[in-house]
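Student: coordinates only, sequence not included:
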């Protein structure tokens, strides 16, 4: 029995020696990992703040330019339509195709503002402007069939509605 007690005491002494081994390397590794993660989180937060500030600056600039860009595009649309209508009939189809392509590009521009204006007062008029140019693209294609088709196009009423909404927003 004393041999068993002695063996048990020897086993306990060995186990307690193992338990008391320095654990500094594991602790310092954990501390280093935690510090690295904290630094990464700080860097990520700083980057996010910079991106938000850049987006806010971009949004403010886009808001300042929205109405002038709308007016300029609308003036050009009128000028393009008048120009095509005054061309010889043999050249009108090509002219209206070019106007349609231009209106499509303008529509893309105003659609691209949607994510930037999301949640602001500029979102609805930007959507109206985009829709106006989407419709203008189809209208220009209709106009290739002559002045009567152009004038009678059912898309004119919704175009006018969208135009009116944006013009009301952009009143000086």
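Tutor: Done, it's in. Please read these numbers as outputs of a predicted model, since none were measured by experiment.

Student: hey, let's count contacts and neighbours off CA atoms from now on
Tutor: Fine.

Student: the most centrally placed residue in the chain: which element?
Tutor: The centroid of the chain falls nearest to residue 115 when counting by Cα atoms, centre = their mean (3.5 Å). Counting by DSSP states H and E, the element that carries residue 115 is helix 89-117.

Student: helices or strands up against that helix?
Tutor: With contacts defined as 3 or more Cα pairs under 8 Å, 6 or more residues apart in numbering; DSSP states H and E, the secondary structure elements packing on helix 89-117 are helix 24-86, helix 123-143.

Student: where among these is the average confidence lowest?
Tutor: Summarising mean pLDDT across the helices and strands packed on helix 89-117, the least confident stretch is helix 24-86, with a mean of 83.

Student: mind giving me the packing neighbours of that one?
Tutor: Packed against helix 24-86 by the contact rule (3+ Cα pairs under 8 Å, 6+ apart) you find helix 89-117.

Student: adding mean neighbour count and distance to residue 159, write the helices and strands packed on helix 89-117 out as JSON lines.
Tutor: Formatted as JSON lines, the entries for these read as follows, by neighbours: other Cα atoms under 10 Å; distance: least, Cα to Cα, whole Å:
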{"stretch": "helix 24-86", "mean neighbour count": "13", "distance to residue 159": "12"}
{"stretch": "helix 123-143", "mean neighbour count": "23", "distance to residue 159": "5"}
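
Student: one step back: how close does the residue nearest to the centre of the chain get to residue 35?
Tutor: In this view, residue 115 and residue 35 are 36 Å apart by Cα to Cα, to the nearest Å.

Student: please consider this matter closed, and thank you.
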